[in-house]
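Chemist: Let me see the structure of the following:
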Amino acid sequence: MKNQQGMISSFWASAILIMASANAAMFNDCGLSEYYSDFPSDISSVTPEQARASAAILSQSKHRNAVPNIVDNVGSGDIYAALITLDNGSIYQNFTAANETVRLLFKDDFAPIIPFAGNGWQKEWIWPLNRGICEDVLNCTGKDISDLHNIRPTSKLSKAVRASKYFAGCDLLLNGGDCMTPAEDGAESTCSCNRAYQPPESDRGAIARTLMYMDVRYDGTDGLPDLVLADCPFNAPFDFAYLSQMIEWNEQYPPTEEEILRNELVCSEYQGNRNPFIDYPDLASVIYGDPLPDPAPDRENYEVCDDLTTSAPTNSPNECDMILPGDVFVFMINSANGPSQIAFWNYEDLPGDTEIFMTDRSWSEADSSFDTSSDPNQEGTIKFTTPSEGIPQESITGRGSGLPFGNSWSTVEGAFFISSQGEQIFLYCIGALGKPVLMSGIVYGPNAGDEQFTVPERLRERGYIKLVGPYPNWLYDGPKEGSDKAELEAARKDPDNWFGTNERVSRLCAGPCSFCRSDSLESTEGQDVDTRKLILVLQRSDLRKNSNFFQQFAVYQH
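Modeler: Residues are numbered from 1 along each chain as shown. Predicted coordinates:
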């Protein structure tokens with residue numbers, strides 16, 4: 001099978017020598033002949049399983065160094081410093097602004113090296129962190145989170161728009177959702193839809209080969225996650241999509257000289273391993289075979305996914321499985337001084353005709369299900385079905401009078417009850433395997449810290465909050481602005497960002513708003529501070545610049 005060595009021009013060969021002479025290479029065995037000395041000489045003659053195993057073993061065994069993700073001095077010896085070299089504007093043939101810029105993924109453009117992080121350009125994980133790599137970005141240190149083959153610079157807004165959407169063409173698997181062409185802050189040939197993001201043509205081949213590398217490199221055999229590139233991504237959060245689209249892009253957009261050079265530098269200067277799909281693009285067809293035919297225009301998934309039978313009461317087999325932990329989170333509970341209410345908010349679009357369940361039963365990790373042996377008069381499960389058009393992201397939904405869909409819930413079994421003495425509550429749907437797919441969980445009350453309230457493994461990193469205190473009513477009152485989903489999730493998990501009260505939390509207005517907590521509290525003559533009226537002042541926010549939007553709420557005296 002032909003490799004890409006012959007594609008590197010004398011210009012790029014000289015560039016490699018200049019960079020290598022400036023700093024002694026960390027690894028000296030990254031030349032193609034030496035690196036692939038134990039690789040099958042004719043990869044097309046082996047089985048797909050043998051080809052995958054050979055690529056996986058080589059990618060894992062040669063991955064000998066991990067560049068730190070978090071350092072005290074940002075930009076010194078970390079991923080940002082590596083990206084300044086690997087994606088430097090000076091290595092692009094048609095760019096003449098020397099080495100003072102970096103190339104931005106999704107924009108097909110360049111940005112000044114400084115500023116970076118914060119309000120400057122960002123590091124973007126092509127295979128998203130929350131698709132099986134890491135949920136707590138500040139505390140993850142594995143090779144998977146710092147794999148430079150998977151990280152590129154991009155703008156802050158492009159990062160927010162792309163989020164963790166699958167990669168696909170704008171005309172593929174739209175699920176009836178609205179698409180923006182071009183994507184906001186993206187190049188002309190980009191497009192952003194409800195579940196998919198179409199990168200510019202200049203990035204499609206590199207993105208396809210990156211995802212294939214991640215699928216092969218991280219197979220669960222070396223203590224790291226088993227990531228799966230699929231067309232039917234049922235196993236959230238470890239599956240990503242869409243494989244067939246990546247097979248097509250790999251063939252349509254072969255490796256560029258810049259991509260080949262970057263692969264060389266990642267190996268020799270930083271990690272010690274190469275992306276074999278850049279060196280051997282035909283490896284994709286050996287391992288994955290031919291792509292599936294494009295689905296019909298009105299379909300939400302590939303036809304082959306229909307053959308995967310499921311008892312899930314969802315619109316299509318993989319709709320529920322694609323909802324990640326924390327995509328929906330509870331932010332308000334009223335369990336006293338009036339009718340009970342529980343309100344939640346969704347980061348992502350919720351698919352139409354999908355049953356959402358809510359239960360106060362305890363979770364059994366061993367059985368991957370809820371314990372139904374307790375008194376049915378004390379605990380139970382309710383459900384509601386999303387409207388056929390779905391529920392758009394950044395929407396409020398809830399159970400209880402006065403909330404959107406508040407009276408649309410029906411009893412499934414037992415007696416669901418929001419107790420003023422404290423309760424553990426879960427939101428879930430039913431996945432392709434007929435098992436509950438946990439979306440969010442909350443426990444509140446004076447005994448919320450007890451061991452009896454077990455945090456499910458799926459929600460351990462995201463989507464669960466413990467609120468210990470004597471209060472029956474709770475409202476999330478932490479940071480709401482910002483585009484980084486991981487930061488918002490970390491804030492939501494912090495009990496200090498929640499407000500507990502014996503008074504009632506009620507909705508004031510409709511419309512997208514973001515919280516701005518007032519420091520002034522109104523007091524009424526003859527009443528102490530605990531019975532005063534607390535107004536949470538909210539300010540309208542730009543829907544495109546802030547990913548967290550809420551309606552107005554206030555704590556009222558009753």
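
Chemist: what residues are up against residue 88?
Modeler: 99, 101-103 (Cβ atoms under 8 Å, 6 or more residues apart in numbering). All C-beta spots, glycine's among them, are computed from the backbone N, C-alpha and C.

Chemist: One more pass at 6 Å, please.
Modeler: Counting by Cβ atoms under 6 Å, 6 or more residues apart in numbering, residue 88 touches residue 99.

Chemist: Who is it paired with across the strands?
Modeler: Residues in a beta bridge with residue 88, per DSSP bridges, are residue 102.

Chemist: same check, this time on residue 429
Modeler: Bridge pairing for residue 429 (DSSP bridges) gives the partners residue 437.

Chemist: what about it, how many neighbours?
Modeler: Burial of residue 429 is recorded as 24 neighbouring residues (other Cβ atoms under 10 Å).

Chemist: from memory it sits against residue 322, does it?
Modeler: No. Counting by Cβ atoms under 6 Å, residue 429 stays clear of residue 322, with 10.1 Å between them.

Chemist: what pLDDT does the nearest residue to residue 99 once chain neighbours are set aside get?
Modeler: Spatially, and ignoring its direct neighbours in sequence, residue 99 is nearest to residue 90 (4.1 Å; Cβ to Cβ, 6 or more residues apart in numbering). With respect to pLDDT, residue 90 has a value of 87.

Chemist: same question, residue 132
Modeler: Note on residue 132: pLDDT of 87.

Chemist: is it true that it touches residue 224?
Modeler: No. If you go by Cβ under 6 Å, residue 132 and residue 224 don't touch, sitting 9.6 Å apart.

Chemist: Please identify which of these two sits among more neighbours.
Modeler: A direct count of neighbours by other Cβ under 10 Å for residue 132 and residue 224 places residue 132 higher, at 23 against 19.

Chemist: Now do the SS call for the more buried one.
Modeler: helix (DSSP: H, G, I helix; E, B strand; the rest coil).

Chemist: residue contacts, it?
Modeler: Contacts of residue 132 by Cβ under 6 Å, 6+ apart are 225, 227, 237-238.

Chemist: tell me the contacts of the closest residue to it other than its chain neighbours?
Modeler: Ranked by Cβ to Cβ, 6+ apart and with sequence neighbours excluded, the top spatial neighbour of residue 132 is residue 238, at 3.7 Å. By Cβ under 6 Å, 6+ apart, the contact set of residue 238 is 132, 225, 227-228.

Chemist: roughly how far apart are residue 238 and residue 209?
Modeler: Separation of residue 238 from residue 209 (Cβ to Cβ, to the nearest Å) stands at 20 Å.

Chemist: for stretch 411-426, what is the average pLDDT?
Modeler: The pLDDT scores in stretch 411-426 average 90.

Chemist: That one: which residues count as buried?
Modeler: 414, 416, 418-420, 422-426 (16 or more other Cβ atoms under 10 Å).

Chemist: Just the closest of those residues to residue 449, please.
Modeler: When the buried residues of stretch 411-426 are ranked by distance to residue 449 (Cβ to Cβ), residue 422 comes first, at 10.4 Å.

Chemist: Can you list the buried residues in stretch 30-44?
Modeler: Buried-residue list, stretch 30-44, by 16+ other Cβ under 10 Å: 30, 32, 35-36, 39, 43.

Chemist: Out of the contacts of residue 132, flag the one nearest to residue 193.
Modeler: So of the contacts of residue 132, ranked by how close each gets to residue 193 (Cβ to Cβ), first place is residue 237, at 19.9 Å.

Chemist: Please enumerate the strands of the stretch 51-200 of the chain.
Modeler: For the stretch 51-200 of the chain, the strands defined by DSSP state E, counting those that start in this stretch occupy 101-104, 109-112, 122-125, 151-154, 166-167, 191-192, 196-198.

Chemist: what's the burial count for residue 100?
Modeler: The number of residues packed near residue 100 is 14, by other Cβ under 10 Å.

Chemist: And residue 201, by the same measure?
Modeler: For residue 201, the count of nearby residues is 15 (other Cβ under 10 Å).

Chemist: how many other residues sit next to the closest residue to it other than its chain neighbours?
Modeler: Ranked by Cβ to Cβ, 6+ apart and with sequence neighbours excluded, the top spatial neighbour of residue 201 is residue 189, at 5.1 Å. The number of residues packed near residue 189 is 17, by other Cβ under 10 Å.

Chemist: returning to what we had before: buried deepest among the strands of the stretch 51-200 of the chain, which one?
Modeler: Greatest average neighbour count among the strands of the stretch 51-200 of the chain goes to strand 151-154 (a mean of 26), per mean count of other Cβ atoms under 10 Å.

Chemist: Just the residues contacting that one, thanks.
Modeler: Outside strand 151-154, the residues touching it (Cβ under 6 Å, 6+ apart) are 83, 87, 102, 104-106, 121-125.

Chemist: Quick one: the helices in the protein, in order.
Modeler: Listed in chain order, the helices of the chain (DSSP state H) span 10-22, 32-35, 48-61, 79-86, 156-162, 201-217, 243-252, 257-265, 276-279, 283-288, 485-492.

Chemist: that older thread, quick check: the farthest pair among the buried residues of stretch 30-44?
Modeler: Largest separation among the buried residues of stretch 30-44 by Cβ to Cβ: 30 and 43, giving 19.1 Å.

Chemist: In a markdown table: the buried residues of stretch 30-44, plus distance to residue 469.
Modeler: A markdown table is the format used below for the buried residues of stretch 30-44 (distance: Cβ to Cβ, whole Å):
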| residue | distance to residue 469 |
| --- | --- |
| 30 | 56 |
| 32 | 62 |
| 35 | 58 |
| 36 | 60 |
| 39 | 60 |
| 43 | 61 |
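
Chemist: Which of the residues in stretch 125-143 are classified as buried?
Modeler: By 16+ other Cβ under 10 Å, the buried positions in stretch 125-143 come out as 125-135, 137, 140, 142-143.

Chemist: er, stretch 273-284 I mean
Modeler: Buried-residue list, stretch 273-284, by 16+ other Cβ under 10 Å: 273-281, 283-284.

Chemist: Same check on stretch 440-450?
Modeler: With burial defined by 16+ other Cβ under 10 Å, the residues of stretch 440-450 counted as buried are 440-445, 448.

Chemist: nearest to residue 250, of the contacts of residue 132?
Modeler: residue 227 (17.2 Å).

Chemist: quick one, phi psi at that closest one?
Modeler: Note on residue 227: its backbone torsions stand at phi -90, psi 140 [degrees, to the nearest 10].

Chemist: Which residue, neighbours along the chain excluded, lies closest to it?
Modeler: Nearest residue to residue 227, sequence neighbours excluded (Cβ to Cβ, 6+ apart): residue 218, at 4.4 Å.

Chemist: Hmm, that neighbour is touching residue 228, no?
Modeler: No. Using Cβ under 6 Å, residue 218 is not in contact with residue 228; the gap is 9.3 Å.

Chemist: can you give me the strands for the stretch 251-400 of the chain?
Modeler: So, for the stretch 251-400 of the chain - with DSSP E, counting those that start in this stretch - the strands run 328-334, 341-346, 355-359, 363-364, 369-370, 380-385, 396-399.
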